[in-house]
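Enquirer: Sequence plus predicted model, see below.
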Amino acid sequence: DFASNLVFKKLEAGQFTMENYHSLLKMVFFQVFYSSNTFALAGSRCGFDQKVMRDYLIAHADEERQHWTWIINDLKSTNYKGEDPRNLAPPKEAVAYYGYAHYLAWTEPVARLAMALVLEGVSAEYGVTIGTKAIQVLGITKEQATFFIGHGELDQGHAKEVLDVIRQQDISPEGYAFLEHVARCT
């Protein structure tokens, strides 16, 4: 429920601070850093009958591979003075998230796509909105919000692509119920 999301509430109320921005970037850093690994892992777990999914996962891994650098750049460009996220222990929420992504990639590659479907949709729907609102509230430039705005722009149409790949798989009704569960967990 995005209406109850703390970041959205603070942005709408004009109470989102630079500290909030830095905390948000540091929180998503770990998921972003490991996302390409889990896409590649899921692709490597696909069989010969899953060529379309394999190719998509590997190509998407390559596309996402350097997006963590956008976070580092946004932190640096907004005068973040704290520890580099690469030197920090990830918060438990981030560990839970990327741990789940690794689990799904290893056990059920199509489920990793279901997870991606949610994020691609959220990013396309809200990335530019969040980035633009952060620019306004924080008084920063578009170049200092490249992670959110860049993803929001880049991810347009990705949810449809992911859904198309999922629909090309031979999935039972129980399998679709599991993918729905994965989407809710995500």
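Expert: Sure, I can see it. Numbering: from 1, shown residues only.

Enquirer: From the contact counts, what lies against the lowest-mean-pLDDT helix or strand in the chain?
Expert: One helix or strand of the chain scores below all others by mean pLDDT, DSSP states H and E: helix 146-154, with a mean of 81. Under the contact criterion of 3 or more CB pairs under 8 Å, 6 or more residues apart in numbering; DSSP states H and E, helix 146-154 touches helix 18-44, helix 68-77, helix 109-138. Bear in mind the C-beta positions are built from the backbone N, C-alpha and C, glycine included.

Enquirer: Distance of the most centrally placed residue in the chain relative to Phe16?
Expert: Nearest to the geometric centre of the chain sits Leu119, at 5.0 Å (CA atoms, centre = their mean). To Phe16, Leu119 is 21 Å away according to CB to CB, to the nearest Å.

Enquirer: Columns mean pLDDT on top of the helices and strands packed on helix 146-154, output as TSV?
Expert: As requested, these are exported to TSV (pLDDT from 0 to 100):
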stretch	mean pLDDT
helix 18-44	95
helix 68-77	96
helix 109-138	88
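
Enquirer: Ok, which of these comes nearest Asp84?
Expert: Asp84 sits nearest to helix 68-77 of all the helices and strands packed on helix 146-154, at 7.4 Å, using CB to CB.

Enquirer: And whichever helix or strand comes after the closest one, what's buried?
Expert: The helix or strand immediately downstream of helix 68-77 is helix 92-107, counting by DSSP states H and E. For helix 92-107, the neighbour count (16 or more other CB atoms under 10 Å) marks 94, 97-98, 100-102, 104-105 as buried.

Enquirer: All set, thanks.
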